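In: could you look at this predicted model? Sequence included:
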Amino acid sequence: MKYTTRFGGEQREFTIERHAEGLVARRGDVRHALDLALVGDGQTFSLLVDGQSYDVVAEVQGEQVTLQLLGERFVVHVEDEREHAAHAVAGHKQGGRRELRAAMPGIVVGVKAAPGDAVAEGQTLVVLEAMKMQNPLAAEAAGVVVRVLCKVGEPVSAGALLLELE
Amino acid sequence: MKYTTRFGGEQREFTIERHAEGLVARRGDVRHALDLALVGDGQTFSLLVDGQSYDVVAEVQGEQVTLQLLGERFVVHVEDEREHAAHAVAGHKQGGRRELRAAMPGIVVGVKAAPGDAVAEGQTLVVLEAMKMQNPLAAEAAGVVVRVLCKVGEPVSAGALLLELE
Amino acid sequence: MPPFRRILVANRGEIALRVIRTAQEMGIETVAVYSDADRTALHVRRASRAVHLGGNRPSESYLDIGKVVDAAKRSGCDALHPGYGFLSENEDAAAACLAAGIEFLGPPPAAIAAMGDKVEARRIAQAAGVPLVPGLQEDVDEPRLAAAARQVGYPVMLKAAAGGGGKGIRIVRDEKGLLEAFHLARAEAKGAFGDDRVYLEKFVTRPRHVEIQVMADKHGGVVFYGERECSVQRRHQKLVEESPCAALTPELRAQMGAAACDLARAVGYVGAGTVEFLFSGGRFYFLEMNTRLQVEHPVTEMRFGVDLVREQIRVGAGEKLSPVPEPRGHAIEVRVNAEDPETWFPSLGRISRISLPGGPGVRLDSALYRGLEVTPWYDSMLGKLVVHGADREQAIARCVRALRELRIVGVATSCPVALRALQSDEFRGGDYDTGILERIDRKPPASRRELAMLAAAAARFLVAEQAGARAAAAAHGTGEGPPRWAQLGRIERQRRFVP
Amino acid sequence: MPPFRRILVANRGEIALRVIRTAQEMGIETVAVYSDADRTALHVRRASRAVHLGGNRPSESYLDIGKVVDAAKRSGCDALHPGYGFLSENEDAAAACLAAGIEFLGPPPAAIAAMGDKVEARRIAQAAGVPLVPGLQEDVDEPRLAAAARQVGYPVMLKAAAGGGGKGIRIVRDEKGLLEAFHLARAEAKGAFGDDRVYLEKFVTRPRHVEIQVMADKHGGVVFYGERECSVQRRHQKLVEESPCAALTPELRAQMGAAACDLARAVGYVGAGTVEFLFSGGRFYFLEMNTRLQVEHPVTEMRFGVDLVREQIRVGAGEKLSPVPEPRGHAIEVRVNAEDPETWFPSLGRISRISLPGGPGVRLDSALYRGLEVTPWYDSMLGKLVVHGADREQAIARCVRALRELRIVGVATSCPVALRALQSDEFRGGDYDTGILERIDRKPPASRRELAMLAAAAARFLVAEQAGARAAAAAHGTGEGPPRWAQLGRIERQRRFVP
């Protein structure tokens, strides 16, 4: 199976196959002998790459894989061939509307934009208080505010739609 | 629900009921206010008895409850009313044949009795080697050996029938 | 004879567990208090008794002095340990305990009040001869401005007297910009606080945050247990602490310790306290005194081989201070916060898996358990990893090793950032300051990128292969069943020599 | 510069992990070896590299010198750490490493061979002036018998020269029974071993097992790190160890330490070793020398604040011994064995849940993980709990506290017996001997009986109530679903500011 992985702005393809002599991963001309063993309940596995040993925790949620590896945390996007093909088609259809959602449950303590405002990338739009901390939620890209769906003092759940941009 | 519990040769009855004010346990005239809360996945619970707090791990396997409590391990037999009634009937039908089964997987390194031998309670019948240790398996009660189903040098799984007594 | 019969632990999380552990070792019963969300928390399960306080908002439970003191009285406690946060620096709580005949395991209310008022604290410190950041404490006016700045020495800071949160602060590097900055600061102060008073202070460049652990008994005895360096901070929240501080000479340590003890004596201090200093250019300046046990106290405990909670309890019961042992080696603490390491956003969820570090020189203080729900109600700190080594280099290597062993699944943690701080040349060199975290990349290192991408693909491969195997097994009706040894174990447990 | 580039760890379980941890802290790569059953073991996952050896029988993997040394050569190792057990006291393994140009992290083959032969070891010890149990080492005949017994002093032991396993041993308390016992012992020896030679030794009553930790470098340096008391044993297997030994005076400690160092010098020892003594009536007698790192070495590490594996590696690389620090406080180790605490039977199964103790002064060395299958292939020891306290009383209280926190589900462990030993008056008093475990009740204490029975009933009530709730929910089609915060957490992770 061929996988397209994306992380930190880079993209790489790996082909992983089970051969008679074991698992093999290929990227271009480079081949790695893999040995992959699940530990207990399916979130941890032992990965040997050409004899080098890694203890990996992986939370697989659809195409998003959150890894813990050598004390680091990596959120890697992984598509198999079928998904990759499907996204290539869908990519052309994406619209221009963007949503700002609550990254965590909390209380809205600041709304920094009103409908019609032009906002820049990285500009704080809403401030959410959670765990005694003020968390600014910023625009991921420049745009114009279409709707504001929250107000100061209001508690919101994680994932709640707070604001729409165009 | 009424429970009959047995441990270390003693037997006690408890009635546990959910009242408006909370859970109540009764044994004879003694009443205890209980607060029982499951932790995570169902093997650990927090037990408050009249405000006293206990952190309990309980493995419930049918009528056998293996508890971890204050650093100790207790294997308690617990029957509910229905089970208790069923056992009372079945109790009259029990036969005289007893089995010696392997308490763990291992290798038979000694067979200390032959068919026809009269053996005393506590007498070693079979020696099983497991984890580099010699484990003597003894008769739980006096009797006469009917059949020997294992031989020295043979590996056996846990629960394997080794010997029958009458 | 234990010094108390029963202690109410007026806190939650790892610090409540910390106090319970020591009390249990001393043969003292403990009473936990809890909010709705904390019914199955470890502090409730490990205490001798537990009392429900109320709702999840701290004001309905852990911050409600009436409820807490009432719980202590009704459950027959003769002492109360406030932990840190919540009521620990609340003089009313201390006074309420006093009134109820319950020993508050902290300083007297007057000492809490004196150190809680930052202006008063500076005044007392100055009177006790403790060095302050040089400056004019009162309102400075235009005529005196230039002379004052020259006297203090550039760079200087202009601060709103009524200020807070960084508003109304201007840093001035030379006389040229002084006047303009003064007018701007006044205007900003007026706008932000309705009060245009401004004062002038030396701007401490590249400050380190160094603090002294003090302990005082009721017989006038005051000692200190060396220092802790806490400069690895973000948003003024500490992330990594160590002891000793790499920048301190024995002379400076002795001076800072003496200053901290003088301050404790000046306010009639009892129990554990921490005097925080800014340290820069070989000089130290009083910042504030925290009148409680500090989060990072285990750093001191590992180095000195002492139990500071035991000492708190002992001196609270009127016993005299134990002698301070010689410190040994080097200790480092890393706070484990439920936070996204790239954004610092809180990370909420249910802890589905924990794997803890172990082996030599590793201590873990946490109230984590599998199944714990990390909610937004309380602090994001899940626990603390503390290590000890024969020297600083060993302690750093050990801390890195332990961080790699630590696995928490269900929420993201701040640990990767701590790991990168520990591995940075700046930290390893020992010459760092409170700006260190701003200079560290919060994103995972590029050097591991290829490996991570391959591992992620492998994870998806494994999941797919497993799903395929399950589907095949289901089609053939074989199922999966528990593994062989587990089956055997089960048989073993059920059958012995059954009649 | 690390002293080695890459170390092969020729072991499994907690000791393999122990070595990997220190090597990692020293910047040395590690190569794990594993049998089929150990593919996902922690030592495999935590090492830098891993090499498969073969089947689960030790002879097919961990005991196969050829395979192990070949793995070390092929993976480019310049040193090999044998741990304890397996090849650790095998002179052929040490010699094979030597021949392959790989540093064996233990003593030279000759020292292993000398101490491995118990008769030879006694001879060398005697020559080095190390006290032995008094007696006649050679065959004793009837004419010399009475005189020899009088000289040694009653009670005496008659032992089969070719003996073992307790056969052919007779204890004689006075001269009256001597001759009869002698004839019986000869007959028994003849019957059991086909050899009727018998020797005579003083019977050491109420012996304590006390051992000295030595460390030697390649430059003639030999030091000792105090003693460990290991008298809490069953079937000659240690269960609880502590340091210091409550019965030792500073003078005795110095004498035993000097004797142990003399013995190490006499055999040209290098690395870590342990000299075991019987201690009784204020006197000590050489028992044997273990030419490897001991299971209970962490007791010494906690008290001295040292890393003995680091020292092994350093001296193996030709470095000189580090100075021995002053010991501090008291340390206790409890072995955690997968055994039924009432029968000592091995307990096998899959570890479904672990909850580890933490907080001050607690160390855990284990290779446990959730999902681990405890199989009959290897030793039943799952790990070790080690605590440190300011004094013995504190250490005992801490160990009791930590044992109460430790939860392992899936197999039974020996911990309840250790807990009861620690809580016994005999242990607390400090005046105990190797018979202590026989005097302790292995059944759970009656005082908790009522509580346990109530808790068991409550557990069944809860299970039934939960099953009822699930059934009701299924009937109403509401289901259970994940808890609220977990759901929210999931949403959070998936959505941010999606276009």
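Out: Right, received. Where do you want to start?
In: the most centrally placed residue in chain C sits in which helix or strand?
Out: Against the mean C-alpha coordinate of chain C, by C-alpha atoms, centre = their mean, the closest residue is C:Val295 at 2.9 Å. For C:Val295, there is no host helix or strand (DSSP states H and E).
In: quick check: closest non-adjacent residue to it.
Out: Sequence neighbours aside, C:Tyr84 is the residue nearest to C:Val295 in space, at 5.9 Å (criterion: C-beta to C-beta, 6 or more residues apart in numbering or on different chains). (C-beta placed from N, C-alpha, C; glycine too.)
In: show me the contacts for that neighbour.
Out: Counting by C-beta atoms under 8 Å, 6 or more residues apart in numbering or on different chains, C:Tyr84 touches C:Asn11, C:Ile15, C:Arg292, C:Leu293, C:Gln294, C:Val295.
In: same thing but at 10 Å, please
Out: C:11, C:13, C:15, C:18, C:274, C:290, C:292-297, C:379 (C-beta atoms under 10 Å, 6 or more residues apart in numbering or on different chains).
In: between those residues, which is nearest chain D?
Out: Chain D lies nearest to C:Arg18 out of the contacts of C:Tyr84, by C-beta to the nearest C-beta, at 6.3 Å.
In: pretty sure the closest one contacts C:His81?
Out: Yes. The criterion here is C-beta atoms under 10 Å, and C:Arg18 meets it with C:His81 at 9.4 Å.
In: what residues are shared contacts of these two?
Out: Joint contacts of C:Arg18 and C:His81 (C-beta under 10 Å, 6+ apart) are C:Val9, C:Asn11, C:Leu293, C:Val309.
In: from those residues, which land in strands?
Out: Counting by DSSP state E, these place C:Val9 in strands.
In: highest neighbour count among the shared contacts of C:Arg18 and C:His81?
Out: Counting neighbours by other C-beta atoms under 10 Å in any protein chain shown, C:Val9 comes out on top of the shared contacts of C:Arg18 and C:His81 with 28 neighbours.
In: quick check, pLDDT for it.
Out: We have a pLDDT of 98 for C:Val9.
In: C:Val214 bridge partners, please.
Out: Counting by DSSP bridges, C:Val214 is bridged to C:Phe224, C:Gly273.
In: tally of neighbours for it?
Out: Using other C-beta under 10 Å, C:Val214 is surrounded by 22 other residues.
In: for it, give me its contacts.
Out: If you count contacts by C-beta under 10 Å, 6+ apart, C:Val214 has them with C:222-225, C:257, C:260-261, C:263-265, C:269, C:271-275, C:289.
In: if you set the cut-off to 8 Å instead, what comes out?
Out: By C-beta under 8 Å, 6+ apart, the residues touching C:Val214 are C:Val222, C:Val223, C:Phe224, C:Tyr225, C:Ala260, C:Cys261, C:Ala264, C:Tyr269, C:Ala272, C:Gly273, C:Thr274, C:Val275.
In: same check on C:Leu308?
Out: With contacts defined as C-beta under 8 Å, 6+ apart, C:Leu308 is in contact with C:Gln213, C:Met215, C:Tyr225, C:Ala272, C:Leu293, C:His297, C:Thr300, C:Glu301.
In: wait, the residue nearest to the centre of chain C sits on C:Val386?
Out: No. Contact criterion C-beta atoms under 8 Å: C:Val295 and C:Val386 do not qualify, at 10.9 Å.
In: still on that earlier bit, out of the shared contacts of C:Arg18 and C:His81, name the ones that lie in helices.
Out: Of the shared contacts of C:Arg18 and C:His81, the ones assigned to helices by DSSP state H are C:Val309.
In: now the lowest-mean-pLDDT helix or strand in chain A, how far from the centre of its chain.
Out: When the helices and strands of chain A are scored by mean pLDDT, DSSP states H and E, strand A:133-138 comes last with a mean of 80. Chain-centre distance of strand A:133-138: 19 Å, with C-alpha atoms, centre = their mean, to the nearest Å.
In: picking up where we left off before, which of the contacts of C:Val214 are buried, as a ChimeraX select command?
Out: Restricted to buried positions by 16 or more other C-beta atoms under 10 Å in any protein chain shown, the ChimeraX selection for the contacts of C:Val214 reads:
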select /C:222,223,224,225,260,261,264,269,272,273,274,275
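In: pretty sure C:Val275 contacts C:Arg265?
Out: No. Counting by C-beta under 8 Å, C:Val275 stays clear of C:Arg265, with 11.7 Å between them.
In: where do the strands sit along the stretch 351-499 of chain C?
Out: Secondary structure of the stretch 351-499 of chain C by DSSP state E, counting those that start in this stretch: the strands cover C:353-355, C:362-366, C:373-374, C:381-389, C:407-409.
In: got those strands as JSON lines, with mean pLDDT and mean neighbour count columns?
Out: Converted to JSON lines, the strands of the stretch 351-499 of chain C look like this (pLDDT from 0 to 100; neighbours: other C-beta atoms under 10 Å in any protein chain shown):
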{"stretch": "strand C:353-355", "mean pLDDT": "94", "mean neighbour count": "20"}
{"stretch": "strand C:362-366", "mean pLDDT": "98", "mean neighbour count": "24"}
{"stretch": "strand C:373-374", "mean pLDDT": "93", "mean neighbour count": "22"}
{"stretch": "strand C:381-389", "mean pLDDT": "97", "mean neighbour count": "25"}
{"stretch": "strand C:407-409", "mean pLDDT": "96", "mean neighbour count": "22"}
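In: could I get the ones you listed as a markdown table with distance to D:Thr434?
Out: Below are the strands of the stretch 351-499 of chain C laid out as a markdown table (distance: least, C-beta to C-beta, whole Å):
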| stretch | distance to D:Thr434 |
| --- | --- |
| strand C:353-355 | 37 |
| strand C:362-366 | 32 |
| strand C:373-374 | 49 |
| strand C:381-389 | 33 |
| strand C:407-409 | 41 |
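In: can I get these in a markdown table with distance to chain D?
Out: A markdown table is the format used below for those (distance: least, C-beta to the nearest C-beta, whole Å):
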| stretch | distance to chain D |
| --- | --- |
| strand C:353-355 | 7 |
| strand C:362-366 | 4 |
| strand C:373-374 | 5 |
| strand C:381-389 | 8 |
| strand C:407-409 | 10 |
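In: which parts of the stretch 251-400 of chain C sit against chain D?
Out: Contact residues (C-beta under 8 Å from any C-beta of the partner chain) of the stretch 251-400 of chain C with chain D: C:298, C:301, C:305-307, C:325, C:328-329, C:347-350, C:353, C:355-356, C:358-366, C:369-370, C:373-375, C:388-390, C:394, C:397-398.
In: chain B next: which of those are close?
Out: Within those, those near chain B by C-beta under 8 Å from any C-beta are C:Tyr369, C:Arg370.
In: quick one: low-confidence residue ranges for chain A.
Out: Residues of chain A meeting the criterion pLDDT under 70: A:41, A:90-96, A:132-133.
In: near chain D, which residues of it are found?
Out: Going by C-beta under 8 Å from any C-beta, the residues of chain A near chain D are A:37-41, A:44-46, A:48, A:51-55, A:61, A:64, A:66, A:94, A:97-105, A:137, A:139-141, A:157-159.
In: ok, the closest residue to C:Val315 other than its chain neighbours - contacts?
Out: Leaving aside its sequence neighbours, C:Val315 sits nearest to C:Asp217 (C-beta to C-beta, 6+ apart; 4.3 Å). C:Asp217 makes contact with C:Val270, C:Val315, C:Gly318, C:Glu319, C:Lys320, C:Leu321, according to C-beta under 8 Å, 6+ apart.
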